[in-house]
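K.L.:
could you look at this predicted model? Sequence included:
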Amino acid sequence: MQPDWITADIFEIARKDAGAKKELLALSKLRFETYDEGLCVQFLHIGSYDDEGPMIARMHNEWMPENGYHENGRHHEIYLSDPRKVAPEKLRTIIRQPIDKVDR
């Protein structure tokens, strides 16, 4: 997420500057886009990426139905930790799922 004053032009300048300072293999994969997901449910997962599955399943199979929601799009993840510097059991990831209220 970026502040509102960050524009596509500023993003491109920053990407160019970063590439001039260091070879970053994934730099060309970065993109600047607006992401309007609307109403969401999210949780903070602490631990290995491999261990996210049970929490995602609980969100979909327990929390959403029990609270009258269904998914409205694909979930996405926001990585708060650098896996190169943090032990797998201490990684922090926000799992976010767009949702809609179930019509009754």
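P.N.:
Cool, got the structure. Quick caveat: nothing in here was measured; it's all calculated off a predicted structure.

K.L.:
count the neighbours of Glu71 for me.
P.N.:
Glu71 is flanked by 14 other residues according to other Cβ atoms under 10 Å. Every C-beta, even on glycine, is put in place using the N, C-alpha and C of the backbone.

K.L.:
please apply the same query to Asp36.
P.N.:
Neighbourhood size, Asp36 [other Cβ under 10 Å]: 5.

K.L.:
check His45 too.
P.N.:
19.

K.L.:
how about it, nearest residue that isn't a chain neighbour?
P.N.:
Among residues not flanking His45 along the chain, Thr93 sits closest, at 4.7 Å (Cβ to Cβ, 6 or more residues apart in numbering).

K.L.:
so which residues make contact with the host helix or strand of the one you found?
P.N.:
Thr93 is part of strand 92-101, with elements assigned from DSSP states H and E. Under the criterion Cβ atoms under 8 Å, 6 or more residues apart in numbering, residues 37-46, 49, 52, 55-56, 59-60, 64, 68-81, 86 lie in contact with strand 92-101.

K.L.:
out of those, which are buried?
P.N.:
The neighbour-count test (16 or more other Cβ atoms under 10 Å) marks 41-42, 45, 52, 55, 59-60, 64, 69, 75 as buried among these.

K.L.:
and these, which of them are in helices?
P.N.:
Judged by DSSP state H, helices contain the following of the buried ones among the contacts of strand 92-101: 55, 64.

K.L.:
test my guess that Pro83 contacts Leu91.
P.N.:
Yes. At 6.2 Å, Pro83 and Leu91 qualify as touching, with contact defined as Cβ atoms under 8 Å.

K.L.:
higher neighbour count, those two?
P.N.:
Set side by side, Pro83 and Leu91 show more neighbours around Leu91, with 19 against 12, by other Cβ under 10 Å.

K.L.:
Gly68 versus that one, what's the distance?
P.N.:
When distance is defined by Cβ to Cβ, to the nearest Å, Leu91 is 31 Å away from Gly68.

K.L.:
what average pLDDT does the longest helix belonging to the chain get?
P.N.:
Assignment by DSSP H gives helix 8-21 as the longest helix of the chain. Taken as a whole, helix 8-21 carries a mean pLDDT of 90.

K.L.:
brilliant, that's me finished.
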